[in-house]
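In: when you get a sec, could you give me coordinates for this:
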Amino acid sequence: MAKSKKELTGKGNKPKKKPMRKLVKSKSYEKEGRPTKYDPMRHPMIAEALANVGKIDEEIAQALGVVRSTYYLWKTEYPEFSDAVARGKSEIDMQVENELLKNCMSRDVIEEKEVEEDGKPKRLEKTKKHELGS
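Out: Coordinates of the predicted model:
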């Protein structure tokens, strides 16, 4: 007896697979979860003050009581927070830049001078001076 094509390939007896559901992110899904600790009246002011005295991002995050990833998330989600940190860092960055420029433009000079006692050279005195270069 001749076998049909379905019997030869084995495709006829398998159950059909159910189509997979697509996961759709709803807007209500985004708002669920733990409420943020961010306080727009307090955190930008504290962050700006800490940045102004030269604290780095990790130290600012620690002082605010959050982990570094939350600190960076706040910088991306809250423009007033990001602006406050930038204002605080700009002043200290300018001070560091000016100090580096001053150090690059200056040099250390060692001045040697013979000290005489009773008309005879007694010892060699060395003096280190820091002066602005050209």
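In: now stretch 55-71, how far from the centre of its chain.
Out: 10 Å (CA atoms, centre = their mean, to the nearest Å).
In: gap between the two ends of that stretch?
Out: Stretch 55-71 has an end-to-end distance of 14 Å (CA to CA, to the nearest Å).
In: what sits up against it?
Out: Applying CB atoms under 8 Å, 6 or more residues apart in numbering, the external contacts of stretch 55-71 come out as K37, H43, I46, A47, L50, A51, Y72, W74, V85. C-beta here means a position set from N, CA and C on the backbone, and glycine is covered the same way.
In: so the fourth one touches A84, yeah?
Out: What it means is A47. Yes. In this structure, A47 is within contact of A84 by CB atoms under 8 Å, at 5.4 Å.
In: more neighbours, the two?
Out: Set A47 next to A84 and count neighbours by other CB atoms under 10 Å: A47 wins out with 27 against 21.
In: please indicate which of the contacts of stretch 55-71 are buried?
Out: H43, A47, L50, A51, W74, V85 (16 or more other CB atoms under 10 Å).
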